[in-house]
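1. Sequence first, then the predicted structure, then my questions.
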Amino acid sequence: MPVPLPPALSLFLDVLRCPACRPTRRLHPGPGVLRCPAGHTFDLARHGYVNLLTGARATSGDDADMVRARSRFLATGAYAPLREATVRLAADAVPGAAHAAPGRPPTVLDAGCGTGYYLAGVLDRLPGARGVGLDSSARALRAAARAHDRAAALAGDVFRPLPLDDGVADVVLDVFAPRNAAEYHRVLHPAGRLIVVRPTGRHLAELRDRWPSMVAVDPAKEERLRRALGPRFEAAATERVEYRAALTGPAVQDLVAMTPSARHAWRTPDDRDPATRVTVSVLATTYRPR
């Protein structure tokens, strides 16, 4: 039996475009698929997302163990203040969504959405909005598709053209994710906002002291960000979110395991991490498109 069209995905049929077409064409639902007039078809997964990946398979994306660790860690609430700051910035970016197209609800794109944790928080704060999460990890998208009843989930690669119309997003979220400045600029409404959340050098410093092989924050990260976004975006405001989180031993393990450091940090099979207090330190910047 064909997989039915997820209700949240039906909210986006007016702005979804075929990622394989140039110029892009609108996608329409068929039995178990979305298809474009040129004949490209994209499977609807039984877990509630649509696979819009084209060409070579994306090389990044959380595996099943990382997604399970992420879900467990986020459920502890240790990142709740970070989520609340992200939600507030997104809500401030769409005051009444005055610039939204007539008859079109405010639209939030979460690029590199993971399990949909931040997108779901934004949609809770904006009851009239719709959200779409894009990620290359099928395992993460299984969770993102269930994160909120107004959140659609797309399998896609942030480094490739995004499968959305020009100027349809009121907010683009990028939380601990890679960035595609050109595509973010294209899909953002001229009055929309890009919100980028990234770690500072103090983020998780206590864990890096314990496991020196953990992935460190590049000291040149802010300069690289400025060079990447500067031609297309202007920083409107930046705030630092920093606090100390008390973590149990299992939460420490999950925090390491949910990040790219899971592939680098050395640990023994019998390692039992003690409870500890960890510094959470990020910068959150709201950008205006130039």
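-> Now that the structure is in, tell me what you want to look at.
2. rest of the way, CA atoms for contacts and neighbours
-> Noted.
3. Any idea which residue is closest to the centre of this structure?
-> With distances taken as Cα atoms, centre = their mean, Cys113 lies nearest the centre of the chain, 2.3 Å away.
4. Looks to me like Thr86 is in a helix.
-> Yes. Thr86: assigned to a helix according to DSSP: H, G, I helix; E, B strand; the rest coil.
5. That one reaches Ala284, doesn't it?
-> Yes. If you go by Cα atoms under 8 Å, Thr86 and Ala284 touch, sitting 7.5 Å apart.
6. higher neighbour count, these two?
-> Thr86 (26 against 21; other Cα atoms under 10 Å).
7. May I ask which helix or strand encompasses Leu225?
-> helix 221-229 (DSSP states H and E).
8. what does Val132 give?
-> Counting by DSSP H and E, Val132 is found in strand 130-135.
9. same thing with Leu141?
-> Going by DSSP H and E, Leu141 is in helix 138-144.
10. For the helix or strand of the chain with the lowest mean pLDDT, give me every contacting residue.
-> When the helices and strands of the chain are scored by mean pLDDT, DSSP states H and E, helix 205-210 comes last with a mean of 87. By Cα atoms under 8 Å, 6 or more residues apart in numbering, the residues outside helix 205-210 that reach it are 214-216, 277-279.
11. just the strands in this structure please.
-> In the chain, the segments counted as strands under DSSP state E are 28-30, 33-35, 41-43, 50-51, 107-111, 130-135, 151-155, 169-175, 188-199, 233-247, 276-289.
12. Dump these into JSON lines; add distance to Pro161 and mean pLDDT as well.
-> Output for these, formatted as JSON lines (distance: least, Cα to Cα, whole Å; pLDDT from 0 to 100):
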{"stretch": "strand 28-30", "distance to Pro161": "19", "mean pLDDT": "93"}
{"stretch": "strand 33-35", "distance to Pro161": "17", "mean pLDDT": "95"}
{"stretch": "strand 41-43", "distance to Pro161": "16", "mean pLDDT": "94"}
{"stretch": "strand 50-51", "distance to Pro161": "14", "mean pLDDT": "95"}
{"stretch": "strand 107-111", "distance to Pro161": "12", "mean pLDDT": "97"}
{"stretch": "strand 130-135", "distance to Pro161": "12", "mean pLDDT": "97"}
{"stretch": "strand 151-155", "distance to Pro161": "13", "mean pLDDT": "97"}
{"stretch": "strand 169-175", "distance to Pro161": "15", "mean pLDDT": "97"}
{"stretch": "strand 188-199", "distance to Pro161": "13", "mean pLDDT": "96"}
{"stretch": "strand 233-247", "distance to Pro161": "18", "mean pLDDT": "97"}
{"stretch": "strand 276-289", "distance to Pro161": "18", "mean pLDDT": "96"}
